[in-house]
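*Asks:* sharing a model that was predicted from the sequence below.
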Amino acid sequence: MDANEVIREMEGALNKNYDALGKELARVRTGRASISILDSVRVDYYGTKTPLNQCASLSTPEPRLIVVRPWDKNLAPEIEKAILAANIGLTPSSDGEIIRLPIPSLTEERRKELVKMIKRYGEDHKVSIRGTRRDSNEMLKEMEKEGEITEDDSKKASKKVQELTDQASKKIDEMITQKEKEIMEI
């Protein structure tokens, strides 16, 4: 193993961190309709818990409406139950074939709560990044101690680790700021 492998491992860990934060932020409901709100919904599809998008087509024909069209018409009541059970703050209305999910507008108080929540997500992911930095630096020190890399290589790699950490922290701030704008938009 060399210093470049430590850097590559750190980059991989940071990318996983961005993906995880992106998924968490996608689940946060803004005032606009987004199909990703339904990612956590699992429908009892002939005895198997199936993701909603695998047993129905989902669309957003209007900014404040999600339409769910079950592939099997008999599945509509099960989908309604699953949406209510998912506790995502949406109440389905169905005509037996199509399920409509109107997105209620957010109150100012709820918007502020959501912003606090996403900032907490961002802080949690920054803590994770700092942990990744610590692990990478410890690996570099250990490699230097074992004589696998030189002191110069260790210092260069540690500097690169810090640069990656700073970039990651900045990217997380940007992701949070973007989501905050979405939430506060009326």
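*Replies:* Ah, there it is.

*Asks:* got the domain ranges for this structure?
*Replies:* The record's domain parsing of the chain by automatic domain parsing lists 3-27+107-184, 35-102.

*Asks:* might you calculate how far the last one sits from the centre of the chain?
*Replies:* Taking the mean C-alpha point of domain 35-102 and that of its whole chain, the gap between them comes to 20 Å (C-alpha atoms, centre = their mean, to the nearest Å).

*Asks:* quickly find the element holding Ile88.
*Replies:* Ile88 is part of no helix or strand, with elements assigned from DSSP states H and E.

*Asks:* what about the nearest residue to it once chain neighbours are set aside, how many residues nearby?
*Replies:* Leaving aside its chain neighbours, Ile88 sits nearest to Ile37 (5.9 Å; criterion: C-beta to C-beta, 6 or more residues apart in numbering). Every residue, glycine included, has its C-beta placed from N, CA and C. When counting by other C-beta atoms under 10 Å, one arrives at 23 neighbours for Ile37.

*Asks:* isn't Ile37 up against Leu58?
*Replies:* No - counting by C-beta atoms under 8 Å, Leu58 is not a contact partner of Ile37; they are 9.8 Å apart.

*Asks:* between those two, which contacts overlap?
*Replies:* In terms of C-beta atoms under 8 Å, 6 or more residues apart in numbering, Ile37 and Leu58 are both contacted by the residues Ile66.

*Asks:* name the residue most distant from the centre of this structure?
*Replies:* Gly147 (40.2 Å; C-alpha atoms, centre = their mean).

*Asks:* can you give me the helices for the protein?
*Replies:* For the chain, applying DSSP state H gives helices covering 3-27, 76-85, 108-146, 151-184.
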